[in-house]
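Trainee: I would like the atomic coordinates for the input below:
(chains A and B)
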Amino acid sequence: MSDIMKNTLLFAIVGALIILTGFMQSWNSALTILNMGLISAIMALGVNLQWGFAGLFNVGVMGFVALGGLAVVLTSMAPVGEAWAAGGTRVIVGLLAGAGTIVAAVMAQQRLAAGRTRNLILLVILIGGFFLYRAIFDPGVAAVEAVDPAATGYLGGLGLPVLFAWPFGGLLAAGAAWLIGKTALGLRSDYLAIATLGIAEIIIAVMKNEDWLARGVKNVNGLPRPVPYEIDLQNSQSFVDSAQGFGLDPVTASTLFVKLNYALLFSVVLILILIMAQAALRSPWGRMMRAIRDNEVAAEAMGKDVTRRHLQIFVLGSAVCGIAGAMMTTLDGQLTPGTYQPLRYTFLIWVMVIVGGSGSNLGAVLGGFLIWFFWIQVEPIGLWLMETITSGMAEDSGLRIHLLNSAAHMRLLTMGVILLLVLRFSPRGLIPEK
Amino acid sequence: MDFLNAIVALSNFVLIPAIAYGSQLALGALGVTLIYGILRFSNFAHGDTMAFGAMIAVLVTWALQGMGVSFGPLPTALLALPFAILGTMALVLITDRVVYRFYREQKAKPVILVIVSMGVMFILNGLVRFIIGPNDQKFADGERFIISVREFKAMTGLREGLAIKTTQGLTVVVAIIAVALLFWFLNRTRTGKSMRAYSDNEDLALLSGINPERVVMYTWLIVAALATTAGVLYGLDKTFKPFVYFQLLLPIFASAIVGGLGSPLGAIAGGFVIAFSEVTITYAWKKVLVYLMPEPLEPSGLVQLLSTDYKFAVSFVILIVVLLFKPTGLFQGKSI
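Mentor: Numbers count the residues shown, from 1 in each chain, chains lettered A, B, ... in the order given. I've put the predicted structure just below:
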């Protein structure tokens, strides 16, 4: 009983912190924190699935989140007909040629007897395939990117409703995770970490540079929304009337209404994923996963296929991160590959999972909200702290100005301190695994 | 056909930059590999340790420049290097005492130490940004070139120019000195030998009376010196920007793993393998090929295998290939 009390209390504290933000700063920023908190909680659930359930050390979260974002563009933007006509087929055929080369190389590697002949054939396939791929692919890309580069210059998406992008983001991330898992799982934990770190950087590099795909660093703006636009609400008489009923001016009311809608949508997704994760944790499958995590050798002796199970949960966890990434891009309304930073999208999520309690789903959710709250609020708190410290100094003192300007960098420092303190004094987190 | 010009172009755009970059990676990878060999975890904070060391060097350089001290044709940062190394040594010893030692005594699993190093990475990253800010900082001074393009052309009468930057020459010289000192230390001194023994077989080393805390302390001191040197050389050669050092983590890890984690010789080899592959694969070969090919065969495109933005992909692919086919690396490192 006391466990339930304690957990409720912890969630109530986080809730109170967000509500306090509403009273002290503005309801707008409180809802912004809530929305990103919901998304962070989902990401943390994904990482917890991999780390807490199975002990897989994935530091490529950023990559899967970004793939989710890409999925939003690929699903919801209208297709650019002109670009497809100019070079769409060529790009697709080129990509197929590239994929075919790799498949052929893998098959040659598996089917042929080892020896010099095989190496030679492999080399021929890889080099020949690479030039074939570039020969087909490059002109197609040039043609696509030449189509009105200021506005489009990419192939566009499928033009489907944006909510379809969320499951699609999960699928895209799952596909990438399968490929990575196939190669990198089964390596020791440090190697998996470095491999995933690299994959994430590569995914971001591809998204930044392949303009035909999603305009690269030119960003895709104006993604469709699953909720009404503020301006439409402000123009609707019934909305303005009901806003005045609450004593709010229409502009504030419309932004709050939109954010509340997002919060509802996100909560539905979070609760669904949380219920599934809890069911998985309690099921025989979840017990098997923890058995593998705690003693791989023993689990293998019991006839469990450790590598396959690892692949399975790696794909599932990455899919959850992909869904969260798609939701985040939907909330932002734009895809900006330049803003993906590993410290923010990989390591911060890890802090959430560790602080919340690895292996505990509720802990991951709590960590997601709590750490996100601090990530946002450390800046004003830091600024206030610096002002207090420096209040005795002269107005134009160089040190004072430097300290005030540097307050913005307090968040990384704080996150590191929080992570180390939790690891040292409460390594099982706020809500420990049972 | 013009072999001479082709060779000059090749050296100017591929060999010289790759040798300088390779030396920087090798110094970084040596630090990672030593930590791995002695403390047995992958130190994610290494890139930020480099940034911290380089930051002290930048600050001391500015102070020296302010006092009017200079090092003639060489960059003043070289004078600042010893101070930076001392500062970083203090930093890593404090981190070890406050953070890592606890987990060592608990015999925590390596992966826990990796997560702990993530926390340290956050703190160092924040600290560096807090002190010097997230922007580019210039601190290179002194003579810019050992040989400039114009001098080289006047000297040889060739059409193609060759430039060697002072920082590139300096990088190689300093790296050779550092590596020579390191190997002398590891192979000739008592402490170095005990470090190697500890790395090879911890239990036997403890049985023969080696003090583990002493070994760990010396490892951190050496790693601090290597990381600072690597950081300062990289900063002189390219530019000092805190975030760039974080990104260097990937090629540095790739170098250490390709060479074989735990093997110092492997780390050096790995550094050059990664650097040369990155530079050759992202270099536009047109210039060199134009000199080599008969006119009708001259390439029309840039003949660039991958755009420079994908240089991370190169180190990564090499990493994966080595992991799949030779998981212990080229020089038989550890694979616990």
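Trainee: end to end, how far does stretch B:186-194 reach?
Mentor: 8 Å (Cα to Cα, to the nearest Å).
Trainee: buried stuff in it?
Mentor: B:186, B:192, B:194 (16 or more other Cβ atoms under 10 Å in any protein chain shown). Every residue, glycine included, has its C-beta placed from N, CA and C.
Trainee: among those, which are in helices?
Mentor: Among the buried residues of stretch B:186-194, the members falling in helices (DSSP state H) are B:186, B:192, B:194.
Trainee: B:Gly231 against B:Pro242, yeah?
Mentor: No - with contacts counted by Cβ atoms under 8 Å, B:Gly231 stays clear of B:Pro242, the gap being 10.4 Å.
Trainee: does the helix or strand where A:Met386 lies reach chain B?
Mentor: Using DSSP states H and E, the element containing A:Met386 is helix A:361-390. No - on the criterion Cβ under 8 Å from any Cβ of the partner chain, helix A:361-390 is out of touch with chain B, staying 9.7 Å away.
Trainee: buried ones in that helix?
Mentor: For helix A:361-390, by 16+ other Cβ under 10 Å, it's A:361-379, A:382-383, A:386, A:390.
Trainee: picking up where we left off before, quick one: which of B:Gly231 and B:Pro242 has more around it?
Mentor: Counted by other Cβ atoms under 10 Å in any protein chain shown, B:Gly231 and B:Pro242 do not tie: B:Gly231 has more neighbours, with 33 against 26.
Trainee: so what's the more buried one up against?
Mentor: Contacts here follow Cβ atoms under 8 Å, 6 or more residues apart in numbering or on different chains; on that basis B:Gly231 touches B:49-54, B:57, B:245.
Trainee: and what of B:Leu206?
Mentor: Contacts for B:Leu206 (Cβ under 8 Å, 6+ apart) come out as B:Pro212.
Trainee: sorry, back to before: find residues that contact each of B:Gly231 and B:Pro242.
Mentor: Common contacts of B:Gly231 and B:Pro242, defined by Cβ under 8 Å, 6+ apart, comprise B:Ala51.
Trainee: around A:Gly338, how many other residues sit close by?
Mentor: Neighbourhood size, A:Gly338 [other Cβ under 10 Å]: 12.
Trainee: I'd like to know how far B:Ala18 sits from chain A.
Mentor: If you measure B:Ala18 against chain A using Cβ to the nearest Cβ, to the nearest Å, the figure is 20 Å.
Trainee: wasn't that residue part of a helix?
Mentor: Yes - under DSSP: H, G, I helix; E, B strand; the rest coil, B:Ala18 sits within a helix.
Trainee: dump the residue contacts of it.
Mentor: Taking Cβ under 8 Å, 6+ apart, we find B:Ala18 in contact with B:272, B:275-276, B:278-280.
Trainee: kindly report the same for A:Pro226.
Mentor: So A:Pro226 contacts A:161-163, A:261, A:265, A:330 (Cβ under 8 Å, 6+ apart).
Trainee: now it: how far from chain B?
Mentor: Counting by Cβ to the nearest Cβ, the gap from A:Pro226 to chain B is 33 Å.
Trainee: the closest residue to B:Phe312 other than its chain neighbours: which element?
Mentor: Distances taken as Cβ to Cβ, 6 or more residues apart in numbering or on different chains put A:Glu201 closest to B:Phe312, at 4.6 Å, once the chain neighbours are dropped. For A:Glu201, the host element (DSSP H and E) is helix A:189-209.
Trainee: burial measure for the nearest residue to A:Gly100 once chain neighbours are set aside, as a count.
Mentor: Nearest non-adjacent residue to A:Gly100, counting by Cβ to Cβ, 6+ apart: A:Gly129, 7.2 Å away. When neighbours are counted by other Cβ under 10 Å, A:Gly129 registers 19.
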